[in-house]
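[1] Sequence and predicted model, in that order:
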Amino acid sequence: MACRIDVSSCGRGVILALVLAFVQVAGAAGPPLLLAATAPADVDPSAYWVSEKLDGVRAFWDGRRLRLRGGGVVAVPAWYVAGFPAESLDGELWIARGQFELVSGIVRRRRASDDDWRQVHYMVFELPGGGGDFSARLRRLRALVADAAVPWLAAVEQRRVASRHDLAEWLQRVLAGGGEGLMLHRADAPYVTGRSDVLLKLKPWYDDEATVVGYVDGHGRLAGRVGALIVEARDGRRFRLGSGLGDAQRAAPPAIGSLVSYRYRSLTDGGLPRFPVFWRVRQAPQSMPGKSDAGASSTSR
């Protein structure tokens, strides 16, 4: 007999399934995390711990599961997290400089592959909710990682830098080696969440994310292909991304609804990015529970 929308056992099963699905979606909000502000050109590094900005996927360990910034749970082999501490950790799932696309693909898969995950390191830089200032949390973090003795679990190297000259030299070495930039975390800062200047990112370009909402047809050499993406920023403003797209991306552009990263030099008087350049796809639409799920990684902190 077909199910009726009543209190029959079949109806109750359907209603229960719908309720559970709603609860799962409603509970998919990401954990509150600390997000970086942009470092001013004249930043004095002496008050900060400094580390390399890793080109990975931001991930939060809640003591039981690895979760993305947007709230999704990472499908990871049980052996990978078996020795992780019971305390919360914040870090990047990372393989190497310039390997974001590879690690992002591994992390976003619904089924974990042992061979894939043997390449991935969880590089930890913060203890969410930890007490004391950042210097105290950093000591605790290093001790936790050392006690765990998990080869793929590591504390991000943090150093004190005495002068702007030394900071600039370190930044140039990182960029020359294919790195993204540096992160500066105030040594005396308590743990806070949201965008804050207690954590700064120092990069030669600004970057941000936007959602693909349409395309502009190409002309001349680009006839029959995409000339530019039409993207929408978080505040609803739209603009075009054409520079930076390769021939393959113009022939098969990121799908509508994809979250893409772009770089720019400055903002116009109207607040739009000046000379925006397409960088890469952050998330395909099927992996995005909502526009606010910015994933993670490098762009997200």
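    Everything's here; your move.
[2] Output the longest strand belonging to the chain.
    strand 206-217 (DSSP state E).
[3] Name the residues of that one that come out as buried.
    Tyr206, Asp207, Asp208, Glu209, Ala210, Thr211, Val212, Tyr215 (16 or more other CB atoms under 10 Å). In short, each C-beta sits where N, CA and C put it, glycine included.
[4] Please apply the same query to stretch 257-270.
    Buried residues in stretch 257-270 (16+ other CB under 10 Å): Ser258, Leu259, Val260, Ser261, Tyr262, Arg263, Tyr264.
[5] possible to save the buried residues of strand 206-217 as JSON lines with distance to Leu127?
    Listed next are those as JSON lines, based on distance: CB to CB, whole Å:
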{"residue": "Tyr206", "distance to Leu127": "28"}
{"residue": "Asp207", "distance to Leu127": "26"}
{"residue": "Asp208", "distance to Leu127": "27"}
{"residue": "Glu209", "distance to Leu127": "26"}
{"residue": "Ala210", "distance to Leu127": "32"}
{"residue": "Thr211", "distance to Leu127": "32"}
{"residue": "Val212", "distance to Leu127": "36"}
{"residue": "Tyr215", "distance to Leu127": "44"}
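[6] sorry, back to before: the buried residues of stretch 257-270 in helices, which ones?
    Among the buried residues of stretch 257-270, DSSP state H puts none in helices.
[7] Among those, which lie within strands?
    Residues of the buried residues of stretch 257-270 located in strands (DSSP E): Leu259, Val260, Ser261, Tyr262, Arg263, Tyr264.
[8] ok, those residues vs Arg160, which is closest?
    Arg263 (29.1 Å; CB to CB).
[9] Just give the nearest non-adjacent residue to that closest one, would you?
    Trp205 (4.2 Å; CB to CB, 6 or more residues apart in numbering).
[10] neighbours around that neighbour, how many?
    12 (other CB atoms under 10 Å).
[11] looking at it, it is touching Ser266, isn't it?
    No: Trp205 is beyond contact range of Ser266, at 10.1 Å (criterion: CB atoms under 8 Å).
[12] who touches Lys201 in this structure?
    By CB atoms under 8 Å, 6 or more residues apart in numbering, the contact list for Lys201 reads Ala36, Ala37, Thr38, Ala39, Lys53, Gly181, Leu182, Met183, Leu184, Arg301.
[13] and the residues you listed, which are buried?
    Ala36, Ala39, Lys53, Gly181, Leu182, Met183, Leu184, Arg301.
[14] okay, those residues in a markdown table with distance to Pro151 next?
    Below are these laid out as a markdown table (distance: CB to CB, whole Å):
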| residue | distance to Pro151 |
| --- | --- |
| Ala36 | 28 |
| Ala39 | 33 |
| Lys53 | 23 |
| Gly181 | 27 |
| Leu182 | 26 |
| Met183 | 24 |
| Leu184 | 28 |
| Arg301 | 24 |
